[in-house]
Structures are given as C-alpha cells and as structure tokens.
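**Q** How does the following fold in three dimensions:
(2 chains)
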Amino acid sequence: LAKTTQPISMDSYEGQEVNITCSHNNIATNDYITWYQQFPSQGPRFIIQGYKTKVTNEVASLFIPADRKSSTLSLPRVSLSDTAVYYCLVGAASGGSYIPTFGRGTSLIVHP
Amino acid sequence: GAVVSQHPSWVICKSGTSVKIECRSLDFQATTMFWYRQFPKQSLMLMATSNEGSKATYEQGVEKDKFLINHASLTLSTLTVTSAHPEDSSFYICSARDGTRGENEQFFGPGTRLTVL
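**A** Residues are numbered from 1 along each chain as shown, chains lettered A, B, ... in the order given. Model prediction:
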C-alpha cells in the first residue's frame, strides 16, 4: 500500500487559493489518487480523483506531476465553509482488491 | 450519486450492553463494505472489510468477537459492538463499494456517534 504524507495543518483566509500537497513516493503504476473532505462528525466526502497531469471539477483542481510521487489539491477562493480535514488516498481504481486506508490528513482552517 | 445511510446517527448506552449499527446502500449493490472508527482529532482507522455473504476480514488489533460484522445482503451491513465499554466510545463510519461495476470508488455513510457511559 502506498503511504501518503500530508502537512498536519494549514491556515488560510477567505478568498485565497489553497494548495495542499500530498507525497506518495511508492505509488504503483495502476494507483489513482483520490482526495476527500471531512467535516466534524460527518463521513468523508469525495472531492476529486486523478491519475496524472491535471484534473478539474466544479470544486477543486488536482495537479499530478509526471513522476506521480506527489499530488496537489488546489481549492480556489476558499470560504469559511471550506474549513475541514482533507485526506489524500492512493490505490487502484479498479480490480476489487483496493482497501482504502486513511493517513493523518490536513486540517485546513479558513479565517475571515 | 450513490447514497449510503447509517442508523442510528448517534446512540448512548450503558457499559456492558450491546449496540448495533446499520449501514445501508440506498441505490446500488454494495458488494464490499468497510467499517472505520474515528476518535476525536484523529484519522479514520479501518476496522474491517466485509464482502457480501462472506465473513469479515478484520484489521490487526481489532477484536472480531467484540465487533461483530454481518453483511448478509447487498444493501445492508451491520456492526454490533458487544459488551460496550467507555473506551469504545467513538465515531463509527461505514463505506460501501459496488464491485459489480469494476470500480473501486467508495461511498461513505454519515457516521454514528457511540457514547458508552
């Protein structure tokens, strides 16, 4: 299983762009990178998933360099409601053998 | 999108009693379900993986006789905390995966807060 490393915490202000980087040095060839958001006392919520280069959806962008040993979740113009814990997970997107395990996550606090 | 529900959302019980938590996939076949436990300010810790119709696979350090998991149908898995004690107080989260689609995307339930007095 590819181990992930993220900063424990980050602080930002409303309206700023936030970039959270995750290191996964031993990512396997068929592994995808998935990011989740979790609010207190709620289950994790899927944000975005990617394999390489750049993926963008309505809430975030995911940048993955060519070597895929890291990934960066980019949240544009954050608001107070983006205060949450963000987790990156690495694993196969198909095949049925993937057992999702969570690292420590990054606690993002957005200030007014 | 796929929806996973949990019931109850919170429960308070006396020490020594057993508590059952249900996890349901509402609009897809959950061939695999995962149970996590999360203590305050900590990450989710995987407790066990269950495939429909099979015995659950428990992670190291998780007592299978204390945390009984039943995955008898494609839409329901239950976690029973037997003889609960205060140290079992935690936030329990399930997730489900539709293996028939060949994808590993998993969908999380809203979680169940267990407080043992």
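**Q** and whatever residue of chain A ends up closest to chain B, how many residues sit next to it?
**A** Closest contact between chain A and chain B, by Cβ to the nearest Cβ, is at A:Gly43 (3.7 Å). Where you see a C-beta, it was placed from the backbone N, CA and C, and this is true even at glycine. Neighbourhood size, A:Gly43 [other Cβ atoms under 10 Å in any protein chain shown]: 22.
**Q** isn't it right next to B:Tyr92, touching?
**A** No: judged on Cβ atoms under 8 Å, A:Gly43 makes no contact with B:Tyr92 at a distance of 10.1 Å.
**Q** re the thing from before, tell me the SS of the residue of chain A closest to chain B?
**A** Taken by DSSP: H, G, I helix; E, B strand; the rest coil, the conformation at A:Gly43 corresponds to coil.
**Q** Which strand residues bridge the closest residue to it other than its chain neighbours?
**A** Computed as Cβ to Cβ, 6 or more residues apart in numbering or on different chains, the closest residue to A:Gly43 that is not its neighbour in sequence is B:Phe108, at 3.7 Å. Following DSSP bridges, B:Phe108 is listed with bridge partners B:Ser95.
**Q** gap between B:Phe108 and B:Lys66?
**A** For B:Phe108, the distance to B:Lys66 equals 23 Å [Cβ to Cβ, to the nearest Å].
**Q** just B:Gln29 next, same as before
**A** From B:Gln29 to B:Lys66 the distance is 29 Å (Cβ to Cβ).
**Q** what does A:Ala84 give?
**A** Computed as Cβ to Cβ, the A:Ala84 to B:Lys66 distance reads 31 Å.
**Q** So which bits of chain B are right by chain A?
**A** Residues of chain B lying near chain A by Cβ under 8 Å from any Cβ of the partner chain: B:4, B:6, B:31-32, B:34, B:36, B:43-46, B:49, B:91, B:93, B:95, B:99, B:102-111, B:113.
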